[in-house]
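Engineer: Below are the sequence and a predicted model; questions follow.
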There are 2 protein chains.
Amino acid sequence: MNTADLGLPVAVPSTALFTDQYELTMLQAALRSQNADRRSVFEVFTRRLPEGRRYGVVAGTGRVLDAVENFRFDETILGFLRERGILDEPTLEWLAGYRFRGDIWGYPEGEVYFPGSPIMRVEGTFAEAVLLETVILSILNHDSAVAAAASRMSVAAGDRPLMEMGARRTHELAAVAAARSAYVGGFHTTSDLAAGFRYHIPTVGTSAHAFTLLHDTERDAFTAQVDTLGRGTTLLVDTFDVTEAVRLAVEVAGPELGAVRIDSGDLLLVAHRVRQQLDELGATHTKIVVTSDLDEYAIASLAAAPVDAYGVGTQLVTGSGHPTCSMVYKLVARAQSDAPDAPLRPVAKKSLGGKSSVGGRKWAARRPDENGVAEAEVVGVGEVPAELAGRQLLVPLVTDGKVVAREPLDAARDRHIAARAGLPLSATQLSRGEPVLPTEYL
Amino acid sequence: MNTADLGLPVAVPSTALFTDQYELTMLQAALRSQNADRRSVFEVFTRRLPEGRRYGVVAGTGRVLDAVENFRFDETILGFLRERGILDEPTLEWLAGYRFRGDIWGYPEGEVYFPGSPIMRVEGTFAEAVLLETVILSILNHDSAVAAAASRMSVAAGDRPLMEMGARRTHELAAVAAARSAYVGGFHTTSDLAAGFRYHIPTVGTSAHAFTLLHDTERDAFTAQVDTLGRGTTLLVDTFDVTEAVRLAVEVAGPELGAVRIDSGDLLLVAHRVRQQLDELGATHTKIVVTSDLDEYAIASLAAAPVDAYGVGTQLVTGSGHPTCSMVYKLVARAQSDAPDAPLRPVAKKSLGGKSSVGGRKWAARRPDENGVAEAEVVGVGEVPAELAGRQLLVPLVTDGKVVAREPLDAARDRHIAARAGLPLSATQLSRGEPVLPTEYL
């Protein structure tokens, strides 16, 4: 059994069934029509950003590389496909030997993108490339949606740390990927232990209301927590009365108390009151953490409040109103015949309803203005103009079936900060607007 | 290594790390304060339905049972927690022997719910029950959100089959759970092969635009597909010109052609035109499948159109605007001491901002009116009134740590249809409104 690393403590099986059935029936029909070996180019792009958003954030690239490496059809999987009568024997035999041997290029993880940006390009035979559509889109559509929300929240939070706490609001494994994407988008820590295990993201967490309610008094609860987690811990102060709890917290832990957490009420008002109370009690270094249904707007509204850190859950893991991207995986060029050197011909759906595509194998570059600020996303087919040659966005990710672009998650996180900083200032406005860069087709 | 079945071809590891860190630090502090063994009752409920929705749908219960059974701390996991310095040695030792030995009650899967419905109740020591919070909420919040959307779509579709096609729009494993939830909510098939493998849901799929574009002509593509998949296949007719493609499809496959699929354009208009053309060509039994960014409203708008089946993706797996439920897991009662027979005392957070809870171990029943139609969700603490005793909604799911309520997925699907049919007729209006049943507290 081949294995894949999907964010779990140990390896888990092949990614090959994370696939829509039609990828396999198309393979079968292409094998039958003897067109399966035509060299083909598929591109991942989106026709639009979510309404009002200024930029997108590429995330999940590292997970795509894992998924492609582990896309194998073992006996268990082949047996399932055979038993269900989904495929014929020649196709099953072909799948038994499958591994992707082509090339993948893409925007590196953390980079920003715009409508039409060719975020990923998969090149190989039709047969080997078509099979990867579903799993690549699943990963990029999910992870990029979370990273985009994270990026906006990190803009709103400025220098204050952001904690990812959304595991309970999404599928248990989507949560692990969401924590990873949040980190790429600018978050600092996660509450999700599986994300800490798999991606080495720092984990945080101390206590919930249940812990206070378990004890006979709030004092018992605070004392127990400080005894075992130390004075630097974060005490939750809104189970009963916030003022009384803050007083008690400082009495129990002393002015060395690490932080208090507020999870309900008017956070702006309560934070000011609690800050004043902490200062009066001499706990001037005790921090205030807030965690109540925050999104980028709520975070921004607390910019002037004495808040030291934000914990964000629901709105982060659901993409702050846009839980998925609309990325598609389209055949944009293919050879005229099976011959390995047959020339590529651009292809595109030509239909009504705004679903047309631009054919041809594309390059992309971000053109700066005279001050070095990005002014356009330039996408073209054919020769790259000399002045843009050094500014190309697609990099090799897989070459001849080998992953060539593994990197630590921090590299993607740093890249995102740099890429965002290279955009016009209006990119970081939270208000609704157009994409901050126009996409120009050459 | 303990294993869990998470929708994959083979077993994968423990679910114990799908957990927020604070569950474990609370455990450590409760062990230290010697309150960890207090008998405790946690309940899962939501304070509100998504805005405008008439009812919720419980889904994921079967997955919760798997997750609880496989919630174990093996050496790999304990090593991680030790190395990161998250827990002390006594807590790690306690976790090494962990398995849930308490009781879980819940609304059976497929049942409907309302604000305040105690959808699940977990009873055991504080220590054993608090640990399950995150993974239980992850599963129920995700799966129930998808099932609610599926249920509305199935109402809109009436007798026409619904195909789940959303894998590419969500995390690759969330997609498997989404296909399962869609089936519970009334869908008939899925495109997701992993969902077919794991949950035995019938899978469907034939071809995409890439298949047509791979070939030199649309005729070549249709011929190849019919040759290998048979005349009963579904041909995609909107790559170039729909009218020409429909003519060609019937020419290639004959009037026995199974179906044509339309994935773009004004579906209402196009479906009428295509139906007329198919009939004129003698293909009177050839079906029309539509699949373009559908939601329950779009499905309803096609009720009078000659459409035979719907494929739904994005809006299904993202909960049609509500990608997560707002279910919480709250301590509602706990013993006064460690003694196994110590009486339970209701507890509840009392705070500002609408986050208060109702304390006490609850029962729930759905009260019918004189015609047998449900008229209220009744939730109470203490004795169940005699007239409601036979209408209780909570059933035993886990008893003394043993799962006692495994069932085939079809049982949940059938239950949902029956539960929905027992609601007032206005439950199935798609328009925004209040929950169709009021929740009464006794």
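Structural biologist: Noted; the coordinates are in hand.

Engineer: Pop the domain breakdown of chain A in here.
Structural biologist: By the assignment in automatic domain parsing, chain A contains the domains A:3-131+A:326-441, A:158-321.

Engineer: what residue ranges in the stretch 151-300 of chain A are flagged as low confidence?
Structural biologist: Residue ranges of the stretch 151-300 of chain A with pLDDT under 70: none are present.

Engineer: show me where it has helices.
Structural biologist: Along the stretch 151-300 of chain A, counting by DSSP state H, counting those that start in this stretch, helices occupy A:172-185, A:193-199, A:209-214, A:218-229, A:242-253, A:267-280, A:296-301.

Engineer: Can you check which of those helices gets nearest to residue B:232?
Structural biologist: Within the helices of the stretch 151-300 of chain A, the stretch nearest residue B:232 is helix A:172-185; the backing value is 36.0 Å (CB to CB). Every C-beta, even on glycine, is put in place using the N, C-alpha and C of the backbone.

Engineer: can I assume residue A:282 is in contact with residue A:255?
Structural biologist: Yes. Using CB atoms under 8 Å, residue A:282 makes contact with residue A:255 at a distance of 4.5 Å.

Engineer: wait, does stretch A:99-112 make contact with chain B?
Structural biologist: No. Remark: stretch A:99-112 sits outside contact range of chain B, by CB under 8 Å from any CB of the partner chain, the gap being at least 15.0 Å.

Engineer: same thing with stretch A:15-35?
Structural biologist: Yes. Applying CB under 8 Å from any CB, one finds that stretch A:15-35 is in contact with chain B at A:15, A:17-26, A:28-30, A:32-33, A:35.

Engineer: Of all the residues in that stretch, which ones are buried?
Structural biologist: Across stretch A:15-35, burial judged by 16 or more other CB atoms under 10 Å in any protein chain shown covers A:15-33, A:35.

Engineer: What about those, which are in strands?
Structural biologist: When those are checked against strands using DSSP state E, none is located there.

Engineer: Assign residue A:329 to helix, strand or coil.
Structural biologist: Per DSSP: H, G, I helix; E, B strand; the rest coil, the local secondary structure of residue A:329 is strand.

Engineer: what's near enough to touch it?
Structural biologist: Residue A:329 sits next to A:42, A:43, A:44, A:122, A:132, A:133, A:136, A:137, B:168 when contact means CB atoms under 8 Å, 6 or more residues apart in numbering or on different chains.

Engineer: and it, what are its bridge partners?
Structural biologist: Beta bridges link residue A:329 to residue A:44, judged by DSSP bridges.

Engineer: Please read off the pLDDT at it from the model.
Structural biologist: Listed pLDDT for residue A:329 reads 98.

Engineer: Could you do residue A:4 as well?
Structural biologist: pLDDT recorded at residue A:4 is 40.

Engineer: From residue A:92, how far off is residue A:81?
Structural biologist: Counting by CB to CB, to the nearest Å, the gap from residue A:81 to residue A:92 is 6 Å.

Engineer: same question but for residue A:344, I mixed them up
Structural biologist: The value you get for residue A:344 to residue A:92, if CB to CB is used, is 30 Å.

Engineer: So what's the residue count around residue A:78?
Structural biologist: Residues lying near residue A:78 (other CB atoms under 10 Å in any protein chain shown) number 17.

Engineer: Apart from its neighbours in sequence, what residue is nearest it?
Structural biologist: Here the nearest residue to residue A:78 in space, its sequence neighbours aside, is residue A:92; by CB to CB, 6 or more residues apart in numbering or on different chains that works out to 5.3 Å.

Engineer: Spatially central residue for chain A, please.
Structural biologist: Residue closest to the average C-alpha location in chain A (CA atoms, centre = their mean): residue A:143, at 2.7 Å.

Engineer: re the thing from before, contacting residues around the residue nearest to residue A:78?
Structural biologist: A:73, A:78, A:81, A:82.

Engineer: which of those are buried?
Structural biologist: Going by neighbour count (16+ other CB under 10 Å), the contacts of residue A:92 have A:73, A:78, A:81 buried.

Engineer: Tell me the residues of the stretch 51-200 of chain A that contact chain B?
Structural biologist: Checking the stretch 51-200 of chain A against chain B by CB under 8 Å from any CB, the hits are A:67, A:74, A:76-77, A:80-81, A:84, A:86, A:88, A:126, A:130, A:133-135, A:137-139, A:141-143, A:165, A:167-177, A:191-194, A:196-197.
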